[in-house]
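> Task: produce atomic coordinates for the following.
(one chain, ligands or ions: 1)
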Amino acid sequence: MEEVVGECTLCRKHVFCENGFLNGYILDGLLLCLSCYKSTKQRETL
Ligand SMILES: [Zn+2]
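Alright, predicted model coming up:
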């Protein structure tokens, strides 16, 4: 079951909740899709 939680703050892609798992992340109250979350993390580590 897929449920739209909201849109990604950065790329406006829809973020889904699949079977209770959020297909994205909430970072400081902002909703991010997986790819934007990864690029954010990469920027922090580099
Ligand atoms: Zn995104």
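
> Verify the contact between Phe16 and Gly6 for me.
No. Applying Cβ atoms under 8 Å as the test, Phe16 and Gly6 come out as separate, 9.6 Å apart. Every residue, glycine included, has its C-beta placed from N, CA and C.

> quick one, which of the two is more surrounded?
Phe16 (16 against 13; other Cβ atoms under 10 Å).

> What residues does the more buried one make contact with?
By Cβ atoms under 8 Å, 6 or more residues apart in numbering, the residues touching Phe16 are Glu2, Glu3, Val4, Val5, Leu22, Asn23, Gly24.

> Could you pick out the buried ones from those?
Asn23, Gly24 (16 or more other Cβ atoms under 10 Å).

> ok, Leu10 to Asn19 distance?
Using Cβ to Cβ, to the nearest Å, we find Leu10 at a distance of 25 Å from Asn19.
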